[in-house]
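Student: I'll drop the sequence and a predicted model, then ask my questions.
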Amino acid sequence: MSLALPAGKKFRVPYRVVRDTWEILKEPGQQGLEASAVWLARAISGNSAQILSVWKPGQIARRTAHGVSVEVTQEALSELIMSLPDGVFVAVRLHTHPGEAYHSEMDDTNMLISYEGAISIVVPFFATGSPDLSHCSVNELRRSLGWVELDDAEVAARFEVT
């Protein structure tokens, strides 16, 4: 049985998790590097989940003449999977970009989570702005379409930050 929720799911997100996520992502950005984190959640109904915490997996940040990128290591991914308590799943992948937020071609292929309805959030300007999802590119994986960016109204309707 999959712990992931279907596409169109809703999330309750404690503001402390959003704030802590920005702090985790901001530090590497001060050196001009991207960073990645995940939100862990527990389903609370057939179509909604409670975000419980943020986790920063082991990762390799790269800066080349072509730009910056971040990759979560296989060891870190295995460690995360093995440490998840019963009923808890990786609901959201977040990572930073140095400029505007968008889901790049590299983001499309460098997936940490890849189930139908997975969420990938791109945080702009190395998370130097205020902790606010409305400034981000929030994307949902839909098998028939790939990663689809949610509009502002859909983000506001589906992510309840408390």
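Tutor: Good, I have the coordinates.
Student: quick check: closest non-adjacent residue to residue 126.
Tutor: Closest residue to residue 126 in three dimensions, ignoring its sequence neighbours and counting by Cβ to Cβ, 6 or more residues apart in numbering: residue 29, at 2.4 Å. C-beta coordinates here come from the backbone N, C-alpha and C atoms, glycine included.
Student: I'd guessed the one you found sits against residue 96; true?
Tutor: Yes. Counting by Cβ atoms under 8 Å, residue 96 is a contact partner of residue 29 at 5.7 Å.
Student: find residues that contact each of the two.
Tutor: 35, 125-127 (Cβ atoms under 8 Å, 6 or more residues apart in numbering).
Student: those into a markdown table, with extra columns for distance to residue 139 and pLDDT?
Tutor: Listed next are those as a markdown table, based on distance: Cβ to Cβ, whole Å; pLDDT from 0 to 100:
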| residue | distance to residue 139 | pLDDT |
| --- | --- | --- |
| 35 | 18 | 96 |
| 125 | 18 | 97 |
| 126 | 19 | 97 |
| 127 | 17 | 97 |
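Student: now which of the residues you listed would you call buried?
Tutor: Buried residues within those, counting neighbours by 16 or more other Cβ atoms under 10 Å: 35, 126-127.
Student: and those as TSV, adding distance to residue 145?
Tutor: As requested, those are exported to TSV (distance: Cβ to Cβ, whole Å):
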residue	distance to residue 145
35	27
126	29
127	28
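Student: good, we can wrap up now.
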